[in-house]
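Student: Provided below for reference: sequence and predicted model.
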Amino acid sequence: MNIPPAKQQLIDLSRRLLKEVKDHPMGEALEIWLNATYPASSDLYRQLASLVKTGMTEGWACRDEIRGPDYRRSQIAPPSLATFGFSIESVYMREIVGREHEHPNGEVNMIVPLDAGARVGEVHAGWTCPAPRSQHFPEVHGGAVIFLYYLPGGEIRFTGR
């Protein structure tokens with residue numbers, strides 16, 4: 001199976017990032033470190049953002065509708081040794097409250113705004129790292145965003161609410 005070049009580039013760049021974060025505990029300290037080390041103005045953030053946007057255009061990112069065209073997700077890569085046990089996932093949301101879910105092992109989440117006013121809570125562009133066993137409803141206001149996120153063990157539990 002041929003992997004589109006942009007998808008392979010995103011996976012390769014994500015592997016570089018995951019190599020750095022794999023031994024950090026998920027949570028606030030990692031979130032602070034990521035936002036300081038790879039802010040939205042950094043080359044890594046900008047490259048990943050560009051690649052996931054390309055993936056949406058090419059149809060391999062954010063493709064499967066959850067609740068209509070304004071709420072879509074897709075897995076880009078399953079957890080593997082090559083990704084240090086993380087899955088690579090994508091979600092597109094526009095002006096919507098998402099499904100409540102739990103992060104059994106935490107999450108590394110990159111927020112990519114597509115519209116100037118788009119935000120998730122108070123975050124416009126950058127990183128969040130929910131701790132293990134945290135639960136939330138993602139809420140997007142002010143436009144559309146893409147979430148490029150990494151799940152340890154590929155684990156996420158939708159609570160059904």
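Tutor: Sure, I can see it. Given the structure is predicted, the values throughout are model-derived calculations rather than measurements. Numbers count the residues shown, from 1 in each chain.

Student: Just give me the longest strand of this protein.
Tutor: When the chain is parsed with DSSP state E, its longest strand is strand 139-152.

Student: Name every sheet partner of the next helix or strand after that strand and say whether each one runs parallel or antiparallel.
Tutor: Helices and strands here follow DSSP states H and E; after strand 139-152, the next one along the chain is strand 157-158. If you go by DSSP bridges, strand 157-158 pairs up with strand 101-103 (antiparallel).

Student: what does whatever helix or strand comes next after the partner strand contact?
Tutor: Once the chain leaves strand 101-103, the next helix or strand it forms, by DSSP H and E, is strand 108-113. Residues outside strand 108-113 that contact it (C-beta atoms under 8 Å, 6 or more residues apart in numbering): 17-18, 21, 26, 30, 34, 45, 48-49, 52-53, 86, 119-120, 123-130, 143-150. Using the backbone N, CA and C atoms, a C-beta is placed for each residue, glycine as well.

Student: so of these, which ones are in strands?
Tutor: 86, 119-120, 126-128, 143-150.

Student: which residues pair with the residue lying closest to Val21 once chain neighbours are set aside across the strands?
Tutor: Nearest residue to Val21 in three dimensions, chain neighbours excluded: Val108, at 5.9 Å (C-beta to C-beta, 6 or more residues apart in numbering). Beta bridges link Val108 to Tyr150 when assigned by DSSP bridges.

Student: Val108 and Arg94, how far apart?
Tutor: For Val108, the distance to Arg94 equals 23 Å [C-beta to C-beta, to the nearest Å].

Student: between the two, which one's more packed in?
Tutor: Val108 (24 against 18; other C-beta atoms under 10 Å).

Student: How many residues are close by Asp70?
Tutor: Neighbour number of Asp70 under other C-beta under 10 Å is 14.

Student: and it, what pLDDT?
Tutor: Listed pLDDT for Asp70 reads 94.

Student: Tell me the spacing between the closest residue to it other than its chain neighbours and Arg72.
Tutor: Once flanking residues are discounted, Asp70 sits nearest to Arg94: 4.1 Å by C-beta to C-beta, 6+ apart. When distance is defined by C-beta to C-beta, Arg94 is 10 Å away from Arg72.
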